[in-house]
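Visitor: Quick one, what's the 3D model for this:
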Amino acid sequence: MEHSKQLSSEQPLRIDIVSDVVCPWCVIGYRQLAQALEQTNTKHEIHWHPFELNTNMPAEGQNLREHIMEKYGSSREESDASRARMNEAGREVGFEFNFNDDTRMHNTFNLHQLLHWADQQGRMHDLKQALFTAHFTNNRNISDNAVLADIAAEIVLDRSEALAVLEDQRFAKEVREAEQHWQQQGIQSVPAVIFNERHLVGGAQGVENYTQILKQLAEMSD
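Guide: This next block holds a predicted model:
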């Protein structure tokens, strides 16, 4: 959970975000929303929820370009154009993508279990951001449990406990149930942002659109 620093007696805006760490538009959309929240000085609390873009992804992952070509039938030129759009959108919100020919798509089920564990310590938001950076900026292998445990340790979570969580799969049931819950709510693509548990906004909307949405929600609550 992430809290704004604004001090107010008003009820904070609840924001649920269903996302996957290997979804580039999820980090772009979050960064856009974060800027809009800051610009509107909106008191808020963010709750992250799991979604797997590729539930059948093998444990070792797959080359990203190959994966996109297989899944969407994209040509290399289309893939390059898409990466250029993501790079530009990332730059606009201060996030760096480092795509290369070795960039991989990963299986994220274990990663979501680690996030669930971090949430119990009030650190899910921090770990989520660290994982976005590890994957997209630093091209680290987030299919590897040892790498995931290292990332947890880098934000001062207990590495040995993180590794144990991943190895014994203690939160597998909870993560599956959470994924199924959001699928049953009709979430089929991410990012999916739900404001006050009733207003669903899909995709990376841009700072201006998020700002307008926040202003409309503020008017509705007056």
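Visitor: tell me the SS of residue 14?
Guide: Going by DSSP: H, G, I helix; E, B strand; the rest coil, the secondary structure assigned to residue 14 is strand.
Visitor: Report the separation between the residue nearest to it when sequence neighbours are not counted and residue 32.
Guide: The spatial neighbour of residue 14 that comes closest, neighbours along the chain excluded (C-beta to C-beta, 6 or more residues apart in numbering), is residue 196 at 5.3 Å. For every residue, glycine as well, the C-beta is placed using N, CA and C. Residue 196 sits at a distance of 19 Å from residue 32 (criterion: C-beta to C-beta, to the nearest Å).
Visitor: give the contact list for the residue nearest to residue 14.
Guide: The neighbourhood of residue 196, defined by C-beta atoms under 8 Å, 6 or more residues apart in numbering, consists of 13, 14, 217.
Visitor: try residue 153
Guide: In this structure, residue 153 makes contact with 159, 162, judged by C-beta under 8 Å, 6+ apart.
Visitor: On the three-state scheme, it is what?
Guide: When the structure is reduced to helix, strand and coil (three-state DSSP), residue 153 reads as helix.
Visitor: same thing with residue 10?
Guide: Secondary structure, three-state DSSP: residue 10 is coil.
Visitor: Cross-check the contact I'm expecting between it and residue 43.
Guide: Yes: taking C-beta atoms under 8 Å as the contact criterion, residue 10 and residue 43 are neighbours in contact, 5.8 Å apart.
Visitor: Who has more neighbours out of the two?
Guide: In this view residue 10 and residue 43 are compared by other C-beta atoms under 10 Å, and residue 43 has more residues nearby, 17 against 10.
Visitor: Was I right to think the more buried one contacts residue 12?
Guide: Yes: using C-beta under 8 Å, residue 43 is in contact with residue 12, at 4.5 Å.
Visitor: for residue 205, phi and psi?
Guide: Main-chain dihedrals, residue 205, degrees, to the nearest 10: phi -80, psi -20.
Visitor: Could you tell me what pLDDT the model assigned to it?
Guide: The per-residue pLDDT reported for residue 205 equals 97.
Visitor: ok now do it, which residues does it touch?
Guide: Taking C-beta under 8 Å, 6+ apart as the definition, contacts of residue 205 comprise 29, 32, 33, 213.
Visitor: quick one: which of those sit in helices?
Guide: Using DSSP state H, 29, 32, 33, 213 are the members of the contacts of residue 205 that sit in helices.
Visitor: Neighbour-wise, which one of these leads?
Guide: Comparing those by number of neighbours (other C-beta under 10 Å), residue 33 comes first, having 29 neighbours.
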